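> sequence and predicted model, in that order:
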Amino acid sequence: MFCRTAVLLVLLHLLCVHTFSITHKFSSSVHPCDDFETFVCNEAENVRLGSPLHEQRHGFYDKIKEAFVNDDDVIINEIKKIYAGPDVTFDVTFPYDLSSDTRSAILTFHNEANNSTTTIATCKMKDYLNLLLIKYISENELFTARRKVQLYTAYNEALAEFLSVLEKTTALQPAVKAEYKNLFETKRLVLSFQDPLTNVNLIKANINQIQSGFFELKSKSTPCKESDKDCQTQQIVSLLQKAYNESVDNNKLQMKFKSFSIDPLQEKIDEPDEGNGPYSNAFFVPPSGLFDLTENVPFGIRFANTQSVFLEKFFVELMYFIFTKNGRRQHYMSAVDLKCKDDRGIENMYIGLLSSMRSTAKMLAKTNDLSNTGPFTNLQWYYIAVQAQICNDAHSRMDRFGLSDIRVMLSRAAPLLVLLHLLCVYTFPFTHKFSSSVHPCDDFETFVCNEAENDRLGSPFYELRHGYYDMLSDALIEEDDVIIREFKKVLNVSLEVSIIFTAREPIANLKLTYHDKSSNSKGEIDATKIRDYSNLLHLKHILENGMINENRMAKQKRIYDEAKEKFLSIIQNTTVLQPAAKAEFLKGFEKKRLIIGPQQSALDLDLIKATIAKIQTNFFEMITNTTLRKECDQQCIIEHYYHLLQVAYNDTMDGSPLQVKYPDHLLYGTDEYFEVNPMQRMVIILQEGSDIYANSFYVPPSGIYEEIDDIPYGLKQTSLPAVFLDAFFTDLIGFIIRNHMDYYERLPGYKCLEEEGVSDHVKHGVASLREEVKMIDTTPPEKFLNNPFNDVQWYLIFAQSHFCEDDASPTSRKIGTRSYFFKQNPTFQKAFGCKPGHKLYTAEKDMCMLY
């Protein structure tokens, strides 16, 4: 379980300390004619703030510029030759143009000798430049898989909230509402270019063809006077467009559709109409929207900004839907709150619509949502997020928007920070345990998990896996497999299918429970004796139901990389390991690979189905050819079937191209095998000898399955890295036990061990590492605000919090060798470096208080 006192909630409170003083504006009454924009944007306090989205786009266009300069295109060079000189410098920029939804490349030549500048507008050669830009975007992988996952998540969450708004508002007539919802739900999300524009070789071939055509046309044309630079430039532009048109007429690329053109410099989400092929009836996110956000923009702001971009589109499309039909418009004009507006221009119509829907959703209503005890509901926060998109940065070059420019800044007093404050209101009473003293041998698990106050909370990780195993059990019930049906036939009972997993077991277990109503007896078919066969069924169901999700796999890779970076930082900075041992471990660790889910033949659905069919045939043939003794009762027959099924499985798999088991030399030197097991729950550390899975951290299918929606996003983000950190630390402790036990036993703090079993070695080893990196953050306070932990230290707490258990759940209290993952530092005061004068020091308590 993730306890209320654990990492995420503390972090939220720390952010709240910074935001509390500026949240009062959200608690005040908003009168009918008060400007909601002013209420949200709080512009007076934000004159120095820039736009996170501006930062993101700036990074994208910087990459485009870099590729443009490095490419040194032959046709651009023809223009350079016209203006070339010893004192002339060339530059290309992609500046904002607020009157447009896109940007234009501008070529600039500066002559230092006479301090003159010549600017070449590229609008008349845009078609050719677009091909170059598409090539640069593909070659430099400027739309990343991670960003696509972020956008899909943001789109789906924004869509769910918007539809909820639509259902609840009374600003629209029911018939209009239903009409729009039917239209809206046919929309798709299309991310970036579609085929054939993803084929970089085809794009390059077309560019080469255009270049050849250009130089052929140029060789046949009458040259301009050498002194007439404008004439030469215009001639190049004209010949280039002609070469482009002739090439495009004969190639497979399609850049323009009925009412939509592919533009790599486009900044904003577009809405192509019907009849645009792969882009029709969609919300199209241009490549700039796929570029990974800059690292220096806070994660929460990036996330909120992305969602509100979609929400803005949804509201704008609703507004245009209303205005395209007179009846809808008339009803809207009578319902919307326009009395406070100076005029009825389109900008005010948009704000009026937003205001009306906001009002009908009861902006200041309380909510029963346990995660939000503030003055606004979740839907209301989304209204604020949409409005925040319109906030103007008074310090930037941006003028007041038209509808096309609804995307400038998230202000300091806007949605995200206040939402954090509201979460703090909920968590504050449960945070005091982090301020209590922790003695040398106190269990760090108790320090983090705070079990006494959390007996009613479930485990986010349990919930994630619960969704996965529910899918497996549902699929098994729906299929009604012929062999399992044969077991039921012998017993003449109905079966209940369930999948059980406990904290002490790394593998979940299929449970087949029957109830014989005639004798009122209950029992189980021993699923462990048919595990090999049932695992093949599970693999089939996983593939058939699309449980191995590409978006989730990309997310796992990102989480793995982040956790690995933090872990390596710990190892590189610790003195627990001798330098030679550290170098030896790191050399082996860096060779480890990440393998996500089944590989090769275990992903071949047709092969798996054929193998299952063959096992079934062999099983029933053996039943037909076997005679049982007369006194063999039901249980005897069942035991016989267990045996026949295993024989049928072994015979079928012997020499089969389907491989699900491999030899593996495991952590403690025992010769075992590695099995591609759909019931596996934890990341597996594989050593040499596992063939395609060798020397890796293997994520089982349960780790790939998309999380259920009602797990808070922050908990997902903190729970998932802990799985990898657990594997990393376990790998390290195994290395120490195998190779450096003598040195390890001499480390300080060994007195805290209750016994010398593997479990205590694990907890003591990691405790030594944790103490070495010092729990108190030595970074200047202004960087981390009131945060006593640095990023690495938070990850150590994440790892421990992963093992907090819910006493009310069916899971066991401990997790085997990982149950005592850490021991707390000798004292709380030492851990937090508390003394008079420290930022966290409280005189009346004579100790450091986190809050």
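Done, it's in.
> mind checking the SS state of residue 595?
Of the three states, residue 595 takes strand under DSSP: H, G, I helix; E, B strand; the rest coil.
> report how many residues lie close to it.
19 (other Cβ atoms under 10 Å). In this view, the C-beta of every residue, glycine as well, is placed from N, C-alpha and C.
> pretty sure it is touching residue 697, no?
Yes: using Cβ atoms under 8 Å, residue 595 is in contact with residue 697, at 7.2 Å.
> wouldn't residue 486 be in contact with residue 640 here?
No: Residue 486 lies out of contact with residue 640 (Cβ under 8 Å); the separation is 11.3 Å.
> what segments of the stretch 101-250 of the chain are helices?
126-139, 145-168, 174-184, 200-220, 229-248 (DSSP state H, counting those that start in this stretch).
> out of these, which one sits most buried?
The highest mean neighbour count among the helices of the stretch 101-250 of the chain, using mean count of other Cβ atoms under 10 Å, belongs to helix 126-139: a mean of 20.
> now do it: which elements does it pack against?
If you count contacts as 3 or more Cβ pairs under 8 Å, 6 or more residues apart in numbering; DSSP states H and E, helix 126-139 packs onto helix 52-71, helix 200-220, helix 229-248.
> again, only this time at 6 Å
helix 200-220, helix 229-248 (3 or more Cβ pairs under 6 Å, 6 or more residues apart in numbering; DSSP states H and E).
> pLDDT on that helix, on average?
Averaged across helix 126-139, pLDDT comes to 90.
> need the CA coordinates for that helix. CSV is fine.
In CSV, the C-alpha atoms belonging to helix 126-139 read as follows (Å, rounded to 0.1, in the frame of the first residue of the first chain):
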residue,chain,number,x,y,z
LYS,A,126,7.3,26.7,-48.5
ASP,A,127,6.3,23.4,-50.3
TYR,A,128,9.9,22.4,-50.8
LEU,A,129,11.0,23.5,-47.4
ASN,A,130,8.2,21.4,-45.8
LEU,A,131,9.7,18.3,-47.4
LEU,A,132,13.1,19.3,-45.9
LEU,A,133,11.6,19.8,-42.5
ILE,A,134,9.7,16.5,-42.6
LYS,A,135,13.1,14.8,-43.4
TYR,A,136,14.8,16.6,-40.5
ILE,A,137,12.0,15.7,-38.1
SER,A,138,12.2,12.0,-39.0
GLU,A,139,16.0,11.8,-39.1
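> residues contacting that helix, please?
The contact list for helix 126-139, computed with Cβ atoms under 6 Å, 6 or more residues apart in numbering, reads 64, 67, 105, 122, 197, 200, 203, 207, 240, 244, 264, 287.
> mind redoing it with 7 Å?
Here helix 126-139 makes contact (Cβ atoms under 7 Å, 6 or more residues apart in numbering) with 64, 67-68, 71, 73, 105, 122, 143, 193, 197, 200, 203-204, 206-207, 210, 240-241, 244, 255, 262-265, 287.
> repeat that for stretch 181-200.
Residues contacting stretch 181-200 (Cβ under 7 Å, 6+ apart): 134-135, 138-139, 143, 148, 151, 155, 166, 202, 252-253, 262, 278-279, 281-287, 290.
> ditto for stretch 253-272
57, 94, 101-103, 130, 133-134, 137, 193, 196-197, 202, 206, 273, 275-277, 279-280, 282-289, 309, 313, 317, 407.
> which of those residues count as buried?
Buried members of those, scored by 16 or more other Cβ atoms under 10 Å, are 57, 94, 101-103, 130, 133-134, 137, 193, 197, 206, 276, 279-280, 282-289, 309, 313, 317, 407.
> restricted to strands, list these.
Cross-referencing the buried ones among the contacts of stretch 253-272 against strands under DSSP state E gives 282, 283, 284, 285.
> dump those into TSV; add pLDDT and distance to residue 628 as well.
Below are these laid out as TSV (pLDDT from 0 to 100; distance: Cβ to Cβ, whole Å):
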residue	pLDDT	distance to residue 628
282	87	63
283	87	64
284	88	66
285	88	65
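> so residue 643 is in which element?
Per DSSP states H and E, residue 643 falls inside helix 634-653.
> return that helix as PDB; C-alpha atoms alone will do.
Coordinates of each C-alpha in helix 634-653 appear next as PDB, following Å, rounded to 0.1, in the frame of the first residue of the first chain:
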ATOM      1  CA  GLN A 634     -13.600 -38.900  -9.000                       C
ATOM      2  CA  GLN A 635     -10.300 -37.800  -7.300                       C
ATOM      3  CA  CYS A 636      -8.500 -40.700  -8.800                       C
ATOM      4  CA  ILE A 637      -9.700 -39.700 -12.300                       C
ATOM      5  CA  ILE A 638      -8.800 -36.000 -11.700                       C
ATOM      6  CA  GLU A 639      -5.200 -37.100 -10.600                       C
ATOM      7  CA  HIS A 640      -5.100 -39.200 -13.800                       C
ATOM      8  CA  TYR A 641      -6.100 -36.200 -15.900                       C
ATOM      9  CA  TYR A 642      -3.400 -34.100 -14.300                       C
ATOM     10  CA  HIS A 643      -0.800 -36.700 -15.300                       C
ATOM     11  CA  LEU A 644      -2.200 -37.000 -18.900                       C
ATOM     12  CA  LEU A 645      -2.300 -33.300 -19.400                       C
ATOM     13  CA  GLN A 646       1.400 -32.900 -18.300                       C
ATOM     14  CA  VAL A 647       2.400 -35.700 -20.600                       C
ATOM     15  CA  ALA A 648       0.500 -34.200 -23.500                       C
ATOM     16  CA  TYR A 649       2.200 -30.800 -22.800                       C
ATOM     17  CA  ASN A 650       5.700 -32.300 -22.600                       C
ATOM     18  CA  ASP A 651       5.200 -34.300 -25.800                       C
ATOM     19  CA  THR A 652       3.900 -31.300 -27.700                       C
ATOM     20  CA  MET A 653       6.600 -28.900 -26.500                       C
END
